[in-house]
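>>> need a structure here:
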Amino acid sequence: MKKNITINLCGRLYQIDEDAYDLLSHYTDTIRNYFIKHEAEDGEEIANDIESRIAELFEELKAQGVQAITISDVQNIIQQIGNVEDITGSDSPEGETATDSST
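Numbers count the residues shown, from 1 in each chain. Modelled structure (predicted):
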C-alpha cells in the first residue's frame with residue numbers, strides 16, 4: 001500500500017504517490033534553483049514555464065484515466081523535459097546536477 005498526496009500544480013489538483021512526489025519536488029527544486037541562480041531576470045519565469053509543462057503532462061495522464069501519478073510517470077515526464085544539463089545544453093551546470101539536493 002502506498003501513500004498518496006494531493007498537490008496543487010499551476011492551480012490544478014493532482015493525486016500523486018509519495019515517492020513520485022519526492023522525485024518531482026526534487027526535480028522542480030533543482031530546476032528552479034538553477035534558473036534563478038543563472039538566469040537572474042528570467043529564471044523564475046523559466047521555472048514556472050517548466051512547471052506549467054509538467055502540469056500539462058499530468059493533465060494528459062488524467063485524461064487517459066490515471067487516478068494517481070506514479071514514480072514511473074514522473075520519471076517519464078523528467079525524461080521528456082530533460083534535466084538541467086539537457087535544458088541548458090551544458091555538460092555540468094557548475095557543480096549542480098539533477099540529483100544534487102543542496103540549495
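>>> and Glu41, how many neighbours does it have?
Around Glu41 there are 6 other residues, counting by other C-beta atoms under 10 Å. The way it works is simple: take the backbone N, C-alpha and C, and place the C-beta from them, glycine included.
>>> Next one, pLDDT for it please.
pLDDT recorded at Glu41 is 79.
>>> how close does it sit to Phe35?
Distance, Glu41 to Phe35, by C-beta to C-beta, to the nearest Å: 11 Å.
>>> average pLDDT across stretch 61-78?
Over the span of stretch 61-78, the pLDDT mean works out to 96.
>>> contacting residues around that stretch?
Residues outside stretch 61-78 that contact it (C-beta atoms under 8 Å, 6 or more residues apart in numbering): 4, 14-17, 19-20, 23-24, 27, 54, 57-58, 98.
>>> Buried by neighbour count: which residues of that stretch qualify?
Applying a neighbour-count criterion of 16 or more other C-beta atoms under 10 Å, the buried positions in stretch 61-78 are Leu61, Lys62, Ala68, Ile69, Thr70, Ile71, Asp73, Val74, Ile77, Ile78.
>>> just how off-centre is that stretch within its chain?
Here stretch 61-78 is found 12 Å from its chain centre; the criterion is C-alpha atoms, centre = their mean, to the nearest Å.
>>> how about the helices in the protein?
Assigned by DSSP state H, the helices in the chain fall at 18-38, 43-63, 71-81, 84-88.
>>> between these, which gets the lowest average pLDDT?
Minimum mean pLDDT among those: helix 84-88, a mean of 78.
>>> which strands and helices sit next to it?
For helix 84-88, the packing partners by 3 or more C-beta pairs under 8 Å, 6 or more residues apart in numbering; DSSP states H and E come out as helix 18-38.
>>> redo that, cut-off 10 Å
Applying 3 or more C-beta pairs under 10 Å, 6 or more residues apart in numbering; DSSP states H and E, we find helix 84-88 packed against helix 18-38, helix 71-81.
>>> center of the protein, which residue is that?
With distances taken as C-alpha atoms, centre = their mean, the residue of the chain nearest its centroid is Thr28 (4.0 Å).
>>> how far away is it from Lys37?
As judged by C-beta to C-beta, Thr28 and Lys37 stand 15 Å apart.
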